[in-house]
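Colleague: need coordinates for the below:
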Amino acid sequence: MWEKLFSQLQQLGQRLNSADLILVGLIFCLGLGLRLYPGQDHFSWIYDQARDQYIIRSIFEQGNLVLVGPQTDYPGLSHGPLSYYLLAPAYFFSQGDPNLPGLVMILVNLSTLLPLALLVQYLFQDKKITWLSLLLFVLAYEQIEYA
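Modeller: Below you'll find the model as predicted:
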């Protein structure tokens, strides 16, 4: 089942022409601009980011191996630890400055554009719906605010 789905997605990816890829690139740039505006030092810095930075710092300074990720809003339910290890190099190279990890999270958020386009094209087989879904994703407030 999964092999069939992945082979069909691969065929869809091969059918994208250069104009489609340029449009995806323009939508990516629009999303990047919206997420970077108003600039450095305007990223959200709330409890979650402070907690993550504290745990990532303990990974570097004390050599703690983290096997459970950040806790969700539901007690006892946690994300996987991959987010800590994804952000660790950014915190390391920025020496604890939260702007670089914020940029990494923006790029991770925008990296979902191509799989989203392939999935919507696979499901609906209509390019207009695909472009609309990409624009809605890029312009969505929650995607911009919490990227």
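Colleague: from here on, contacts and neighbour counts on C-alpha atoms
Modeller: Noted.
Colleague: I'd assumed residue 98 was in contact with residue 91.
Modeller: Yes - counting by C-alpha atoms under 8 Å, residue 98 is a contact partner of residue 91 at 7.0 Å.
Colleague: anything in contact with each of those two?
Modeller: Common neighbours of residue 91 and residue 98 are not found (criterion: C-alpha atoms under 8 Å, 6 or more residues apart in numbering).
Colleague: so, low pLDDT: which residues of this protein?
Modeller: 1, 5, 9, 12-13, 41 (pLDDT under 70).
Colleague: so what's the residue nearest to the spatial centre of it up against?
Modeller: Nearest to the geometric centre of the chain sits residue 109, at 2.0 Å (C-alpha atoms, centre = their mean). The neighbourhood of residue 109, defined by C-alpha under 8 Å, 6+ apart, consists of 143, 147.
Colleague: could you rerun that using 7 Å?
Modeller: residue 147 (C-alpha atoms under 7 Å, 6 or more residues apart in numbering).
Colleague: that one - that's part of a helix, no?
Modeller: Yes - applying DSSP: H, G, I helix; E, B strand; the rest coil, one finds residue 109 inside a helix.
Colleague: so where do the helices sit in this protein?
Modeller: Counting by DSSP state H, the chain has helices at residues 2-15, 18-36, 47-62, 82-93, 99-110, 113-124, 127-139, 141-145.
Colleague: please identify the most buried of those.
Modeller: Highest mean neighbour count of those: helix 99-110, a mean of 19 (counted as mean count of other C-alpha atoms under 10 Å).
Colleague: next, the angle from that helix to helix 18-36.
Modeller: Here helix 99-110 runs at an angle of 140 degrees relative to helix 18-36 (axes from the mean of the first three to the mean of the last three C-alpha atoms, to 10 degrees).
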